[in-house]
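> heads up, no residue letters with this:
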C-alpha cells in the first residue's frame, strides 16, 4: 500500500556522508557551545540559544550542501513554503487556545500572554526547532524515504515506516549527550529517548503529509514553548499541541496555501 513521501532531494548522498553527518551534528553543537563559553558576552539567554543552534546549523549545512552537493531546497528549505508554514503555526496556536477555553470552567486561571512569552516561540523556531527539523526531517528522513531498499520499495508503507524510524532514532540519539550531561537517571533518560523517537515519527509524518518543512518547524516550536492563555500543566499543553498538529495535518488536503488558490494535496493522499 502507498504512503506519502517527503519532497524528493535532487540526489541521494553517499552512505559515508549519512554517517558523517550523524557524527558532525553533536560535534557542531559542541563547537558552538565552546564558542559561547569562550565569549561570555554572548550570555546564556535567548539570543545565545539562537546563536548556538543557528551556528551549528550553518556548520551542518556546510557539510551536507558541500560534500553532498545538495541545494537548500533538498533539505526542505524552500522559500515559497515559509509564509504558509508561519501561517499554520499561528493557526495552530489559535486552535490550542480554543481547546483550552473549557478548562476555565474548572477554575483554571486566565494568565493571558506576554511579549516575552511569544518571543519564546520565536526563539524555539529559530533555534532548536529549525536545526532539528532541517537535519532529521529535511535531510535524513528525505534521504531514507527516497533511497531504495532490498525489502521495501519507496512509497510503500513499510519503506515509509523504516525511513521514519531510522530518522526518528537518530533524532532521539542526538538528545543523549544532553541527558547524560544533565545528570538524568537511567530510567528518565530511556523514557525521554523513547518519547523523542515517537516525536521523530510524528515529525516525519507531518513532513510527508504537508510537504512543507516550515509547518513542522512551527509545530515543533509550539511544542517546545506551548504559550497558553489559560494556566495548565506544561505536559497538558504539549500534548494538546501535538493533537492540534495532527488535526492540521489531517485537514491539510483541504487547506489552501496562503496566497495560492489551489488546494495542496501531498502525493499519495488524494
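Happy to help now that I have it. Source: prediction; values computed, not measured.
> ranges for the helices of this structure?
For the chain, the helices defined by DSSP state H cover 15-38, 46-67, 82-100, 115-124, 130-132, 142-145, 157-173, 176-181, 186-210, 213-224, 234-250.
> Please spell out which residues along the last one are buried.
In terms of neighbour count (16 or more other C-beta atoms under 10 Å), helix 234-250 has its buried residues at 237, 238, 240, 241, 242, 244, 245, 248, 249. To be clear about C-beta, it is placed using only N, CA and C from the backbone, and glycine gets the same treatment.
> out of the residues you listed, which one sits closest to residue 52?
residue 238 (22.2 Å; C-beta to C-beta).
> Relative to residue 244, how far out is the closest one?
Distance from residue 238 to residue 244, counting by C-beta to C-beta, to the nearest Å: 11 Å.
> for residue 82, same thing?
20 Å.
> Next one: residue 175 from residue 196, what distance?
5 Å.
> Could you check stretch 78-95 and say which residues are buried?
78, 81, 82, 84, 85, 86, 87, 88, 89, 92, 93, 95.
> and the helices of the chain, which one is worst for confidence?
Note on the helices of the chain: lowest mean pLDDT is at helix 176-181, with a mean of 68.
> how about the helices of the chain in a markdown table, adding distance to residue 2?
As requested, those are exported to a markdown table (distance: least, C-beta to C-beta, whole Å):
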| stretch | distance to residue 2 |
| --- | --- |
| helix 15-38 | 25 |
| helix 46-67 | 28 |
| helix 82-100 | 24 |
| helix 115-124 | 34 |
| helix 130-132 | 28 |
| helix 142-145 | 12 |
| helix 157-173 | 7 |
| helix 176-181 | 34 |
| helix 186-210 | 11 |
| helix 213-224 | 21 |
| helix 234-250 | 17 |
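> Among those helices, single out whichever gets nearest to residue 151.
helix 157-173 (6.9 Å).
> Which residues does that closest one contact?
1-5, 22, 132, 136-137, 140-141, 144-145, 147, 149, 151-153, 193-194, 196-201, 203-205, 208 (C-beta atoms under 8 Å, 6 or more residues apart in numbering).
> Any buried residues in it, and which?
Here helix 157-173 shows 159-164, 166-172 as buried, counting by 16+ other C-beta under 10 Å.
> any idea of the angle it forms with helix 186-210?
Angle, helix 157-173 to helix 186-210, by axes from the mean of the first three to the mean of the last three C-alpha atoms, to 10 degrees: 130 degrees.
> show me the contacts for the most centrally placed residue in the chain.
Nearest residue to the geometric centre of the chain (C-alpha atoms, centre = their mean): residue 133, 3.7 Å. Contact analysis of residue 133 by C-beta under 8 Å, 6+ apart lists 76, 203, 207, 213, 216, 217, 220.
> Then residue 6?
Residue 6 touches 76, 137, 141, 142, 145, 146, 204, 207, 208, 211, counting by C-beta under 8 Å, 6+ apart.
> My read is that residue 217 contacts residue 128, right?
No. Residue 217 is beyond contact range of residue 128, at 9.9 Å (criterion: C-beta atoms under 8 Å).
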